[in-house]
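> Sequence and predicted structure are below.
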Amino acid sequence: MSALENRFSDDERQGLYRAIRERRDVRSQFLSDPVPPDVLARLLQAAHHAPSVGFMQPWDFIVIESLEVRRAVKAIFQQENRKASENYAGDQAALYRGLKLEGILESPLNLCITCDRRRGGAHVLGRNSIVETDLFSTCLAVQNLWLAARAEGIGIGWVSILDQEQLTKVLQLPDGVYPVAYLCLGYVSEFLPRPELEAKGWRSRLPLQKLVHGDQWGQALENGLLESMLMNEQDTR
């Protein structure tokens with residue numbers, strides 16, 4: 001099979017790149033419509049097909065519909081968010097307090113993706129030097145899920161302002177299982193044209209050409225055409 005035969009069609013490629021460009025961390029736009037079981041199954045299948053070091057597949061998926069559980073998680077968020085707000089002062093503190101940083105109760109479904117750090121045994125192929133590759137692999141499952149969700153018209157919000165020990169207790173995770181990503185899922189009224197933190201002035205997207213190095217850190221690219229294309233890159237958000 002030739003290299004061209006391995007490529008997706010133009011429409012397929014455009015769909016993939018569209019999902020990447022239009023993926024958003026959703027917090028404020030959730031609708032109450034339930035996520036159908038067949039759609040959720042497709043999203044979980046996409047996540048489960050992520051690459052993993054040593055094919056250890058360290059992830060598990062906790063589907064959370066219980067209001068009681070979600071209220072307990074919301075309480076953890078509120079506690080940690082108060083602590084986080086103390087990191088800022090002045091206008092930045094006011095901006096932080098005005099940000100919507102979770103949709104735990106507004107979304108129809110929550111999902112926790114965990115990493116079983118024991119999976120595969122004591123010696124996992126490829127994990128000898130970098131033990132954290134199991135966590136990295138789980139993050140790839142999160143990304144697979146996120147892109148598939150965008151293709152299905154479903155928004156996802158990652159709630160990172162949580163105490164992991166308290167979350168572990170609420171979800172009754174066994175020893176050795178770490179909660180990597182607590183996610184809010186649901187159909188949304190819209191996908192914002194720009195990331196919400198960018199639109200509200202928290203941070204701007206960094207220019208890609210300043211993040212690409214040649215051979216060693218801080219060195220210019222030798223490929224002038226690539227450098228020119230990166231410099232002329234147009235933001236297609």
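That came through fine. Note that the structure is a prediction, hence the values are computed from the model and not measured.
> doesn't Leu147 make contact with Ala50?
No - here Ala50 lies out of contact with Leu147, judged by CB atoms under 8 Å, at a distance of 10.6 Å. In this view, the C-beta of every residue, glycine as well, is placed from N, C-alpha and C.
> least trustworthy helix or strand in this protein by mean pLDDT?
helix 224-231 (a mean of 86; mean pLDDT, DSSP states H and E).
> what does that one contact?
By CB atoms under 8 Å, 6 or more residues apart in numbering, the residues outside helix 224-231 that reach it are Leu208, Gln209, Val212, Ala220, Leu221.
> what two of the residues you listed have the greatest distance between them?
Farthest apart among the contacts of helix 224-231 by CB to CB are Leu208 and Ala220. That separation is 14.6 Å.
> what's the closest non-adjacent residue to Phe149?
In this structure residue 149 is Ala, not Phe. Ile156 (5.1 Å; CB to CB, 6 or more residues apart in numbering).
> Which residue ranges of the chain form strands?
Taking DSSP state E, the strands of the chain run over residues 59-64, 109-116, 154-158, 177-187.
> what about these, which gets the closest to Tyr88?
Closest approach to Tyr88 among these is made by strand 154-158 (20.3 Å; CB to CB).
> so what does the closest one touch, helix or strand wise?
Packing partners of strand 154-158 (3 or more CB pairs under 8 Å, 6 or more residues apart in numbering; DSSP states H and E): helix 133-151, strand 177-187.
> helices and strands around the shortest one, which ones?
It refers to strand 177-187. strand 109-116, helix 133-151, strand 154-158, helix 164-171.
> quick one on the thing from earlier: just put the strands of the chain in CSV and tack on distance to Ala199, mean pLDDT and mean neighbour count.
CSV is the format used below for the strands of the chain (distance: least, CB to CB, whole Å; pLDDT from 0 to 100; neighbours: other CB atoms under 10 Å):
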stretch, distance to Ala199, mean pLDDT, mean neighbour count
strand 59-64, 29, 98, 18
strand 109-116, 25, 98, 22
strand 154-158, 15, 98, 24
strand 177-187, 19, 98, 22
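> Redo these as TSV? Include distance to Gln143.
Listed next are these as TSV, based on distance: least, CB to CB, whole Å:
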stretch	distance to Gln143
strand 59-64	12
strand 109-116	11
strand 154-158	10
strand 177-187	10
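> Which one of the ones you listed lies nearest to Gly103?
For Gly103, the closest of the strands of the chain is strand 177-187, at 4.3 Å, according to CB to CB.
> For that closest one, which strands pair with it and how are they oriented?
Using DSSP bridges, strand 177-187 pairs in its sheet with strand 109-116 (antiparallel), strand 154-158 (antiparallel).
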